[in-house]
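here is the input, now give the coordinates:
(one chain, ligands or ions: 1)
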Amino acid sequence: MLLRYKKAFEKIAMGLLSFMPQEKDVKKLIETIRQYEKDSNWQLYLWKKEEDLVGIIGVQIFGEEAFIHHISVSPSHRGEGIGTEMVQKLSMSLGTISLKPTADIKLFFEKCKIEKEEE
Ligand SMILES: CC(C)(COP(=O)(O)OP(=O)(O)OC[C@H]1O[C@@H](n2cnc3c(N)ncnc32)[C@H](O)[C@@H]1OP(=O)(O)O)[C@@H](O)C(=O)NCCC(=O)NCCS
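Numbers count the residues shown, from 1 in each chain. Purely as a prediction, here's the structure:
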């Protein structure tokens, strides 16, 4: 299940984001989280599996497009389809806004088949 980020998720969100190569530096990680907190065009979601938050996906909304800047799954849950499911569920919940990858995420994104009702 996708949950919208809230302050109570800050630590777990930072932990998940830190698996991304560009988020290894703590200073950068804090800047990233603040960006999602302060700018409503930047939206962060966590993936809840049973009682645990095991994945994260973050987008920047830009008009009718949403660019995925961050996607990460806890190492112990990789290869279970969670990354793909996050992309698909977010795409559905964005409605007419179309989900696009940024360069770092392009290869993975191309593996995620996106199905929308109107397509
Ligand atoms: C990328 C990531 C989010 C995928 O999550 P996941 O839940 O394991 O993904 P899924 O189970 O839905 O899909 C697995 C498929 O994606 C592929 N994949 C994993 N990482 C990939 C990457 N960086 N680029 C392209 N494909 C990738 C796997 O090889 C697998 O392919 P297969 O189904 O053909 O075997 C996860 O590996 C991760 O957290 N990586 C570290 C963070 C990161 O670097 N994110 C940015 C790179 S996309």
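
give the buried residues for stretch 46-53.
By 16 or more other C-beta atoms under 10 Å, the buried positions in stretch 46-53 come out as L46, W47, L53. Every residue, glycine included, has its C-beta placed from N, CA and C.

which one of these is nearest the ligand?
W47 (8.8 Å; C-beta to the nearest ligand atom).

host element of that closest one?
Applying DSSP states H and E as the criterion places W47 in strand 42-49.

V87 now?
V87 belongs to helix 82-93, assigned by DSSP H and E.

and the helix or strand following that helix, what's buried?
Later in the chain than helix 82-93, the nearest helix or strand by DSSP H and E is strand 98-101. Under the neighbour-count criterion of 16+ other C-beta under 10 Å, strand 98-101 has L99, P101 buried.

repeat for stretch 76-85
Buried residues in stretch 76-85, counted by 16+ other C-beta under 10 Å: I82, G83, T84, E85.

the third one against C112, yeah?
Yes - using C-beta atoms under 8 Å, T84 and C112 qualify as a contacting pair, with a distance of 4.6 Å.

quick check: residues of this structure near the ligand?
Counting by C-beta under 6 Å from any ligand atom, the positions of the chain adjacent to the ligand are 19-21, 71-73, 78-84, 104-105, 107-108, 111.

go through those residues and flag which are in helices.
Secondary structure from DSSP state H places I82, G83, T84, L107, F108, K111 of those in helices.

tell me the contacts of the fifth one?
With contact taken as C-beta atoms under 8 Å, 6 or more residues apart in numbering, F108 is in contact with I71, G83, P101.

check the third one too.
With contacts defined as C-beta under 8 Å, 6+ apart, T84 is in contact with K111, C112, K113.

where does pLDDT dip in this structure?
115-119 (pLDDT under 70).

mind telling me which residue of it is nearest the ligand?
Of all residues in the chain, G83 sits closest to the ligand, at 2.6 Å by C-beta to the nearest ligand atom.

that residue against V73, yeah?
Yes - counting by C-beta under 8 Å, V73 is a contact partner of G83 at 5.2 Å.

so what sits against both of those two?
Listed as contacting both G83 and V73 by C-beta under 8 Å, 6+ apart are G55.
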